[in-house]
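In: return a 3D structure for these sequence lines:
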Amino acid sequence: MKMPFNKMQSVVLTLVAIAAMGCARSAEFTAPEQAGASHSDIYPRFSNKPRAATKQFSEAEKQSLTEKLDSEATALKKVPGPTANSASKLAKAKDDARREAEETVRQIEQSGKQD
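Out: Prediction:
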């Protein structure tokens, strides 16, 4: 028995049917009601020059804050940085971690042999 359509034609017909279903109309989108323009009778006036911002700090406050920041910066400069022996401490910590890892692996291997 011979089929009237081959596989290629059925695939094409299926794709055309899917495309036609995708083009079908659905319910129209309606936007929710919104209030109108709030200042519809007022137009911008570009002739008014913008004013500068008000001063945030008085001169005394500005000077006080500047001195405080300067003193904190000076105090931070006096904090000692890493010392020369920190490299040896780091090397020792790495060596200790390596030894501990090796010991852990050895214990795991021994517990596996006992089972």
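In: which residues touch S10?
Out: Taking Cβ atoms under 8 Å, 6 or more residues apart in numbering as the contact definition, S10 lies against nothing. Glycine gets a C-beta too; all of them are placed from N, C-alpha and C.
In: and it, which helix or strand is it part of?
Out: helix 7-22 (DSSP states H and E).
In: just the CA atoms of the following helix or strand past that helix, as PDB, please.
Out: Scanning forward in sequence from helix 7-22 by DSSP H and E, the next helix or strand is helix 59-78. Presented in PDB, the C-alpha positions along helix 59-78 are these (Å, rounded to 0.1, in the frame of the first residue of the first chain):
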ATOM      1  CA  GLU A  59      33.200  77.400  56.200                       C
ATOM      2  CA  ALA A  60      33.700  76.400  59.800                       C
ATOM      3  CA  GLU A  61      32.100  73.000  59.200                       C
ATOM      4  CA  LYS A  62      34.100  72.500  56.000                       C
ATOM      5  CA  GLN A  63      37.400  73.300  57.800                       C
ATOM      6  CA  SER A  64      36.500  71.000  60.700                       C
ATOM      7  CA  LEU A  65      35.700  68.100  58.400                       C
ATOM      8  CA  THR A  66      38.800  68.700  56.300                       C
ATOM      9  CA  GLU A  67      41.000  68.600  59.500                       C
ATOM     10  CA  LYS A  68      39.200  65.500  60.700                       C
ATOM     11  CA  LEU A  69      39.900  63.700  57.400                       C
ATOM     12  CA  ASP A  70      43.500  64.900  57.400                       C
ATOM     13  CA  SER A  71      44.100  63.600  60.900                       C
ATOM     14  CA  GLU A  72      42.500  60.200  60.000                       C
ATOM     15  CA  ALA A  73      44.700  60.000  56.900                       C
ATOM     16  CA  THR A  74      47.800  60.700  59.000                       C
ATOM     17  CA  ALA A  75      46.800  58.100  61.600                       C
ATOM     18  CA  LEU A  76      46.400  55.500  58.800                       C
ATOM     19  CA  LYS A  77      49.800  56.300  57.500                       C
ATOM     20  CA  LYS A  78      51.300  55.400  60.900                       C
END
